[in-house]
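# Need a 3D model of the following:
(one chain, ligands or ions: 1)
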Amino acid sequence: MTKPNPPAVGIDLGTTYSVVARLDERGQPTTLVNAEGDRLTPSVVLFDGQDVVVGKEAMKAMSVEAQRVAECSKRDMGHRVYHRVIEGKKYPPEVIQAWILNKLRGDAAQQMGPIEQVVVTVPAYFDEIRRKATQDAGYMAGCEVLDIINEPTAAAVAFGFQQGFLNASGVAEKPRRVLVYDLGGGTFDVTVMEIRGTEFLALATDGDVALGGYDWDQRLANIAADAFQKEHALDLREDAAAVGKLWRECEDAKRTLSARPKAPIVCEYRGKILRVEVTREQFDEATLDLVDRTRFTCVQALQAANLNWADLDRVLLVGGSTRMPMIRSMVQQVSGKAADASVAADEAVAHGAALRAGLILAKRNGQPANFSIRNVNSHSLGVVGIDPQTKRRRNGTVIPRNTPLPVTATRVFQTAKDDQRSILVQICEGESPSADDCTAIGRCSVTNLPPGLPAKSPVEVNFHYKSDGRLKVRVHVPKTEHQMETEIVRENGLSKEHLDAWRQHISGMEATEYR
Ligand code: AMP
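Now for the predicted structure:
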């Protein structure tokens, strides 16, 4: 008899809100409420002396003590430190994300008992560095991250599940092509997927890591702050607390504008007050370029998948920001189809992640898989080479973007001189031929090459890009049996010692083996 599987938990770690889902006894994904009784937890962290508060209370603190609050830290993933100093401290963004994950894990554990194994979602457009940082955040929060999956893929899985594609009896009779349009709080992602029965195949993916509902909030904030400045000759944007308060007002007004033709925004600064009324037309006009940016990204993804709007069966809307009527009408206009909002915009991603967690845990327990996912890489991966003529640093692409994953590719280098004992491989991600315009992921050194190698000896560097978008590098020196797996030294990553110290501090858990 097989053991019962540990609980399958999926976490949508969003820029502005996060959601946790689990699979119930019948294998149905359900959203868990947090300690405050809400399904959505604001991804906001308040550093209050020794105490760290995450969620609604931290969000409330934004209007009074903004300087102690970290919001939208997901946008800074991949950078060394969060963009603002908090109480004199520079926090790595993944540490702030770890506090959020720790709260989500703790709240879920209150209802389900201890949990460790989770699947966390990331925007499809996240690069390798951001994925690694997300995995590190999970580790510091005391979790074992079973997999990192793309948010649009997770949404498509939830959609497929809801449509009955995942039941043996409900296998779809013909492949369906779905464009997942995912506009969250801080990121925009588009993925073109083909659903063939129980197989979920990503065909192409594109996106923008710095475009989301937050940008729409900012436009409203500017309308209001400009009006305030005109009235009172004061710019409230110079004060962090006033900005924090205004942001909350604007986020509220934006939601109102999704339901009504106008919304009030109250600005308060230095004892002066102004009530600004914004109409939906005004809002639509002020954000036209943002909507257009998302449309353009959709077209690029369709082109990469060799499809047209007409080839799609559905356009699936996910992410809270797709509730804005301007998004629905744009999608309807360009695709000729009513946008499909049949999955719960805020919860679909977490549900898909829980289904994925269930699949992994079942497989670990020797049970058959009821669906499969095939991903593509969202950025080309290459190595830095020097152009012999111009001496410029070039990006030699090894794995082009939108290649189905997992994939293994090999590039052969040559040693430059006799008896060379080491080689340095610099890895970069991006589409430009110039290495300086790409993101440096890290380096790996191949040391201890066998002595006596003649110059120009081949050295094979093998990249293995896994389905979760993480990279492994192996090096092989032909004819010498010299084979090694090398560690990538990451540009902005935390060391194992730091990760362990943070893990202990944030989650109270001891270090474990982790790479
Ligand atoms: P997500 O990351 O998918 O939870 O999306 C969060 C974003 O959706 C935030 O920017 C919210 O302000 C936005 N959002 C949620 N509900 C609405 C709504 N009714 N109208 C407009 N934006 C919304």
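
# Quick check, central residue of this protein?
Geometric centre of the chain, nearest residue: residue 122, 2.6 Å, by Cα atoms, centre = their mean.

# Show me the beta-bridge partners of residue 196.
Beta bridges link residue 196 to residue 199 when assigned by DSSP bridges.

# That one and the ligand, how far apart?
Note on residue 196: its distance to the ligand, by Cβ to the nearest ligand atom, to the nearest Å, is 27 Å. The C-beta positions use only the backbone N, C-alpha and C, and glycine is treated the same way.

# Surely that residue and residue 175 touch.
Yes - because the distance of 4.5 Å satisfies Cβ atoms under 8 Å, residue 196 is recorded as touching residue 175.

# Same drill for the two, tell me which one is more crowded.
The neighbour count for residue 196 versus residue 175, taken as other Cβ atoms under 10 Å, is higher for residue 196 (15 against 12).

# Distance of the more buried one relative to residue 368?
Per Cβ to Cβ, to the nearest Å, residue 196 is found 18 Å from residue 368.

# Show me what counts as buried in stretch 466-485.
466-477 (16 or more other Cβ atoms under 10 Å).

# Residues touching that stretch, excluding its own?
Stretch 466-485 has contacts (Cβ atoms under 8 Å, 6 or more residues apart in numbering) with 122, 126, 128, 131-132, 135, 147-150, 373-375, 377-378, 381, 405-406, 423, 425, 427, 441, 444, 446, 448-450, 453, 457-465, 486, 488.

# which among those end up buried?
When the contacts of stretch 466-485 are checked for burial by 16+ other Cβ under 10 Å, the buried set is 122, 126, 128, 131-132, 135, 147-150, 373-375, 377-378, 381, 405-406, 423, 425, 427, 441, 444, 446, 449, 453, 457, 459, 461-465, 486, 488.

# Can you get me a residue count around the residue in the stretch 51-200 of the chain that the ligand sits nearest to?
Across the stretch 51-200 of the chain, the shortest distance to the ligand (Cβ to the nearest ligand atom) belongs to residue 184, at 3.1 Å. Residues lying near residue 184 (other Cβ under 10 Å) number 27.

# check contacts around it.
Contacts of residue 184 by Cβ under 8 Å, 6+ apart are 14-16, 123, 151, 212-213, 319-321.

# before we move on, back to that, my guess is the residue nearest to the centre of the chain contacts residue 150. True?
Yes - judged on Cβ under 8 Å, residue 122 makes contact with residue 150 at a distance of 6.6 Å.

# Mind checking which of the contacts of residue 184 are in helices?
Residues from the contacts of residue 184 lying in helices, with DSSP state H as the criterion: 151, 213.

# hang on, isn't residue 511 packed against residue 505?
No - the pair residue 511 / residue 505 is not scored as a contact, 11.7 Å apart, by Cβ under 8 Å.

# ok so, going back, any idea which of the buried residues of stretch 466-485 is closest to the ligand?
residue 469 (19.6 Å).

# For whatever residue of the stretch 1-150 of the chain ends up closest to the ligand, grab the count of nearby residues.
Across the stretch 1-150 of the chain, no residue is closer to the ligand than residue 14, which sits at 3.5 Å (Cβ to the nearest ligand atom). When neighbours are counted by other Cβ under 10 Å, residue 14 registers 28.
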